[in-house]
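Visitor: Return atomic coordinates for the entry below.
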Amino acid sequence: MNGFPTRAPVELEDRPREQQWLVDTLWGEQAVGIVGGEPKCGKSILAMDLAVAVAAGVPCLRHFAPTRPGPVLMFPAEDAGHLVRKRLHGIARAAGARFETLDIAVIDVPRLRLDDPDDRGRLQQTVERIAPRLLILDPLVRLHGVDENAVADVAPILGFLRDIQRRFATAVLLVHHARKSGAARPGQALRGSSELHAWGDSNLYLRRRDRQTLLTVEQRDARDLDDIEIEFMEEDGEEPSFRLRQPPQAGVAPQPETPERRVLKALAGARAPLSQRQIRQRAATRHKTVGAILKKLVQEGRVERNAEGGYSLVASQPDKAAPAANGSDPDAGRFPVPTAHA
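Guide: Numbers count the residues shown, from 1 in each chain. Now for the predicted structure:
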C-alpha cells in the first residue's frame with residue numbers, strides 16, 4: 001500500500017473564467033447543487049430552462065449564456081412523458097431553440113432510486129454512455145426511501161452524486177422542496193438535513209412573494225448575484241416558461257421589489273394613514289417584517305405615526321430650509337417616495 005497520490009499547488013489545474021461556468025453566473029462548470037423552493041413555484045420549469053440552455057446553446061431565462069453547450073440527461077420522476085415534451089417544447093420556442101434537435105436524453109423508466117445499488121449502477125452506465133454536460137434529477141423526494149432528516153441516510157446519496165460528478169466530469173442538479181418557513185436564507189428552508197444545503201456548489205432558490213417570483217443564486221466559489229425578479233410568460237397555448245421581469249442592464253441582475261419598497265409603495269398609494277394591518281395586506285408582507293420596517297422608517301424620518309396608530313409618508317417641508325443656489329430643494333432626494341402602481 002503506497003498511500004494517496006499528491007500534487008503541489010502549482011501542479012493543480014488552472015481554469016480561466018470562461019471555463020468556470022456551465023451557465024454564466026448561474027451554474028458552475030461541473031457543479032453539483034439544488035434548485036429549491038416551495039411546491040408549485042416553478043422549480044421543474046427552471047430546471048428545464050437550464051436543460052434547454054445547455055443542450056441548445058441558448059441563454060437561460062433569455063439572458064444567462066451557457067459557456068460550453070452539450071448533452072443533458074434528465075429524469076423527471078413526477079411528470080408523464082407528454083407533459084415533459086410539452087414543457088420542453090414551450091421553453092425551446094421561447095428561447096428560440098429547435099425542439100426537434102434538442103440534445104436532451106430523458107431517462108424512460110417509471111422508477112429510479114438513488115438508495116438502490118442496482119439503480120445506481122444503471123445510472124452510472126447511462127451517464128457514461130450519454131456523457132452529459134448536465135444531469136438533472138427531479139425531484140429528490142421521489143428518488144429514495146430514506147429519512148431526509150437523517151444525515152446518515154442522506155449523506156451516502158449525496159456522496160454518490162458527487163462521485164458521478166467527479167468520475168464523469170458532469171454537473172449534477174437536484175430539484176428539491178423547501179418548507180414554508182421564514183428562514184433568513186432560502187437554503188436553510190430546504191426540507192430535510194442541512195447536508196443538502198451544504199452539499200451544493202451552485203444553488204438556485206425560488207420564492208413566491210405576492211405575484212412576484214424571486215430567484216436567489218448562491219455559489220460556493222463565486223460572488224452571489226442579487227435576487228432576480230422573474231415571471232411566467234405564456235404564448236399561443238404553449239406551456240409557460242420563465243423570463244426576467246425587467247431587462248438586465250450592463251450584465252447586472254435586476255433588483256427585486258424588496259419588502260421595504262412594497263411598504264413604501266403601499267403608503268405612497270394611500271389617501272389617508274394606514275394601520276399596520278392595512279400595510280401588511282397591501283404590501284403582501286409578513287406582520288413581523290412590516291413592524292420592523294415601519295420602526296426603521298419612522299426612526300429615519302421617512303414615515304410618521306399618528307396618535308391613532310396610522311402610518312403615512314412624511315410630507316415635504318420646503319420652509320425648513322432655504323432653496324439652494326440653483327433653485328432646487330436641498331431636501332429633494334433625501335426621502336424618495338416611490339410612485340404607486342396604476
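Visitor: thought residue 102 was touching residue 88?
Guide: Yes - assessed by C-beta atoms under 8 Å, residue 102 is found in contact with residue 88 at 6.6 Å. Quick note: C-beta positions are derived from backbone N, CA and C, even for glycine.
Visitor: quick one: contacts for residue 219?
Guide: Neighbour list for residue 219: 28, 201-203 [criterion: C-beta atoms under 8 Å, 6 or more residues apart in numbering].
Visitor: sorry, that was for residue 174
Guide: By C-beta under 8 Å, 6+ apart, residue 174 lies in contact with 32-35, 137-140, 161.
Visitor: And residue 41, how far from residue 76?
Guide: 16 Å (C-beta to C-beta, to the nearest Å).
Visitor: Which one's more surrounded, these two?
Guide: Set residue 41 next to residue 76 and count neighbours by other C-beta atoms under 10 Å: residue 76 wins out with 23 against 18.
Visitor: quick one: which of the contacts of residue 219 sit in strands?
Guide: 28, 202-203 (DSSP state E).
Visitor: domain ranges for this structure?
Guide: Per the record, the chain has its domains at 16-244, 259-320, by automatic domain parsing.
Visitor: Mind listing what's buried along the helix ranked longest in the chain?
Guide: Criterion DSSP state H: the longest helix present in the chain is helix 151-168. Using 16 or more other C-beta atoms under 10 Å as the burial criterion, the residues of helix 151-168 that qualify are 153-154, 157-158, 160-161, 164-165, 168.
Visitor: which one of those residues sits closest to residue 290?
Guide: Using C-beta to C-beta, residue 154 is the member of the buried residues of helix 151-168 that sits closest to residue 290, with 36.2 Å.
Visitor: Skip the chain neighbours and tell me the closest residue to that closest one.
Guide: On the basis of C-beta to C-beta, 6 or more residues apart in numbering, the spatially nearest residue to residue 154 that is not a chain neighbour turns out to be residue 193, at 4.6 Å.
Visitor: in what helix or strand does that neighbour lie?
Guide: Using DSSP states H and E, no element contains residue 193; it sits outside every helix and strand.
Visitor: which ones are touching it?
Guide: By C-beta under 8 Å, 6+ apart, the contact set of residue 193 is 148-151, 154-155.
Visitor: Likewise for residue 172?
Guide: Counting by C-beta under 8 Å, 6+ apart, residue 172 touches 31-33, 134-135, 137, 161-162, 164-165.
Visitor: thinking again about what came up before, and the residue nearest to residue 154, how close does it get to residue 201?
Guide: The gap separating residue 193 from residue 201 is 17 Å, by C-beta to C-beta.
Visitor: Which parts of the stretch 201-342 of the chain are helices?
Guide: Under the criterion DSSP state H, counting those that start in this stretch, helices of the stretch 201-342 of the chain are mapped to 259-268, 276-283, 287-299.
Visitor: Need the winner for burial among these.
Guide: Ranked by mean neighbour count, the helices of the stretch 201-342 of the chain are led by helix 259-268 with a mean of 20 (mean count of other C-beta atoms under 10 Å).
Visitor: quick one: low-confidence parts of the chain?
Guide: Where the chain drops to pLDDT under 70, the residues are 15-19, 180-185, 210-211, 235-238, 246-257, 316-342.
Visitor: now the strands for it?
Guide: Secondary structure of the chain (DSSP E): strands at 21-23, 27-28, 32-37, 72-76, 104-106, 134-138, 171-177, 202-209, 212-219, 228-233, 241-244, 303-305, 311-313.
Visitor: can you pull the buried residues of the first one?
Guide: Okay, so that is strand 21-23. Within strand 21-23, the residues scored as buried using 16+ other C-beta under 10 Å are 21-23.
Visitor: All set, thanks.
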